[in-house]
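>>> No letters, just coordinates:
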């Protein structure tokens, strides 16, 4: 896994141009996009993955979905978009910081992995 570059971005140690930010969530553009629109929604609070969240984090996790929908609308993804959370090596997680991918801007197809 890559070191937690997201904590460095959140702290301002690495440059980024947030699409959205409040006290709990930041959204940035992915620097290696897999679609014409590829945004990363992440909590300011560090969680390595979903495994570290607890019941008391439910409102933050719900807010991540609401923010994802908001930034998707702002990115004009009215034809649709995909939300993805990768967890662990087999799930494709590269950065050890919980984040939600918002992908869109083209027809993505019904399969996550193309043959």
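Nice, thanks for sending it over. Just so we're clear, the structure is a prediction, and the values are computed from it rather than from any experiment.
>>> Any stretches of this protein with poor pLDDT?
1-2, 112-115 (pLDDT under 70).
>>> Number of residues surrounding the residue nearest to residue 74 when sequence neighbours are not counted?
In this structure, residue 74 finds its nearest non-sequential neighbour in residue 19, 7.5 Å apart by C-beta to C-beta, 6 or more residues apart in numbering. In short, each C-beta sits where N, CA and C put it, glycine included. Using other C-beta atoms under 10 Å, residue 19 has 19 other residues around it.
>>> What of residue 97?
23.
>>> give the contact list for it.
Neighbouring residues of residue 97 by C-beta atoms under 8 Å, 6 or more residues apart in numbering: 4, 6, 7, 42, 46, 47, 48.
>>> Quick one: residues in contact with the longest helix belonging to the chain.
Longest helix of the chain, by residue count under DSSP state H: helix 58-74. Residues from elsewhere that reach helix 58-74, judged by C-beta under 8 Å, 6+ apart: 19-20, 24-25, 27, 37, 39, 41-43, 45, 53, 81, 83, 100, 102, 104.
>>> How is residue 109 classified with respect to secondary structure?
Of the three states, residue 109 takes coil under DSSP: H, G, I helix; E, B strand; the rest coil.
>>> Check the spacing between it and residue 24 real quick.
For residue 109, the distance to residue 24 (C-beta to C-beta, to the nearest Å) stands at 33 Å.
>>> When the two are compared, which one has more neighbours?
Taking neighbours as other C-beta under 10 Å, residue 109 and residue 24 compare with residue 24 leading, 13 against 8.
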